[in-house]
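Novice: for reference, the sequence and a predicted model appear below.
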Amino acid sequence: VLLGACVPRSGALADEERRRARLSKSGRRTNLRQLGGIFLDTFFSKNIVLVQAIGLCPIISIGVNLKYGVALTLCTAAVLLPTSLCMSLWGNRLPSWLRPPVYTVGASILLLGAAAVVNQYLSHELYAALYLYLPLMAVNTIFTYRAGGFSVTNRPLPALVDAIGSSLGFGLATVSYTHL
């Protein structure tokens, strides 16, 4: 399942990510225009589902109902935001071989909490519909790719904007699929 994150980036995409990483960690402040560019980039042009084809399985299986798709999107955001923030703050301190297990375990713990919240406070029916897909989302390459690829090389604010754009892009794909 983690193979999608291990695929090397080629050409202009890799050069652009390296350039953006140098600018973000170089000590310069990120302005509003750069943050907007990051958001639009992850929401539209590098959408994790529509363009990069990461996370298709849960969308195809659970995206038949808008309510389930929105719940899955919210759970994805509840995991992607803190994971990206943590990897932005502390990811460079971890050896590169240790990062994937750390954010996979972190995502698992956060999704376990999200599943408990859905079951306890929202709806048992919703939990019953999502109970198979929430644990699978923990090892989904969405978290590995975004937290390991972008967040580690960027400051916290751009990492959070990227996570919000990725989560909303995931939601856009889910809503689009439910209307097919």
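Specialist: Cool, the structure landed.
Novice: rest of the way, CA atoms for contacts and neighbours
Specialist: Fine.
Novice: name the SS class of residue 49, please.
Specialist: coil (DSSP: H, G, I helix; E, B strand; the rest coil).
Novice: verify the stated contact: it with residue 169.
Specialist: Yes: taking Cα atoms under 8 Å as the definition, residue 49 is a contact partner of residue 169 at 7.4 Å.
Novice: comparing those two, which residue is more hemmed in?
Specialist: residue 169 (25 against 22; other Cα atoms under 10 Å).
Novice: with adjacent residues omitted, what lies nearest to that one?
Specialist: residue 43 (4.6 Å; Cα to Cα, 6 or more residues apart in numbering).
Novice: that neighbour: what's it in contact with?
Specialist: Shown in contact with residue 43 (Cα atoms under 8 Å, 6 or more residues apart in numbering): 165-166, 168-169.
Novice: please redo it, this time with the cut-off set to 6 Å
Specialist: Contact partners of residue 43, counting by Cα atoms under 6 Å, 6 or more residues apart in numbering, are 165-166, 169.
Novice: cool, and residue 144?
Specialist: Contacts of residue 144 (Cα under 6 Å, 6+ apart): none.
Novice: shift numbering so it begins at 47
Specialist: Fine by me, first position is 47 from now on; the one you just mentioned is residue 190.
Novice: what about it, distance to residue 117?
Specialist: 21 Å (Cα to Cα, to the nearest Å).
Novice: and residue 79, by the same measure?
Specialist: 30 Å.
Novice: wait, isn't residue 211 in contact with residue 85?
Specialist: Yes: the criterion here is Cα atoms under 6 Å, and residue 211 meets it with residue 85 at 4.9 Å.
Novice: how near is residue 136 to residue 124?
Specialist: To residue 124, residue 136 is 19 Å away according to Cα to Cα.
Novice: compare these two and say which is more crowded by neighbours.
Specialist: It is residue 124, of residue 136 and residue 124, that has more neighbours when counted by other Cα under 10 Å, with 19 against 12.
Novice: list the buried ones in the helix or strand where that one lies?
Specialist: Element membership for residue 124, per DSSP states H and E: helix 112-136. Neighbour-count burial for helix 112-136 flags 112, 114-135 (criterion: 16 or more other Cα atoms under 10 Å).
Novice: in stretch 218-226, which residues are buried?
Specialist: 218-221, 223-224.
Novice: of these, which is the nearest to residue 154?
Specialist: residue 220 (21.4 Å; Cα to Cα).
Novice: what about that closest one, which helix or strand?
Specialist: With DSSP H and E as the criterion, residue 220 is inside helix 202-224.
Novice: could you check the angle that helix makes with helix 112-136?
Specialist: Going by axes from the mean of the first three to the mean of the last three Cα atoms, to 10 degrees, helix 202-224 is angled at 160 degrees with respect to helix 112-136.
Novice: can you give me the offset of helix 202-224 from its chain's centre?
Specialist: From the chain centre to the centre of helix 202-224 is a distance of 7 Å (Cα atoms, centre = their mean, to the nearest Å).
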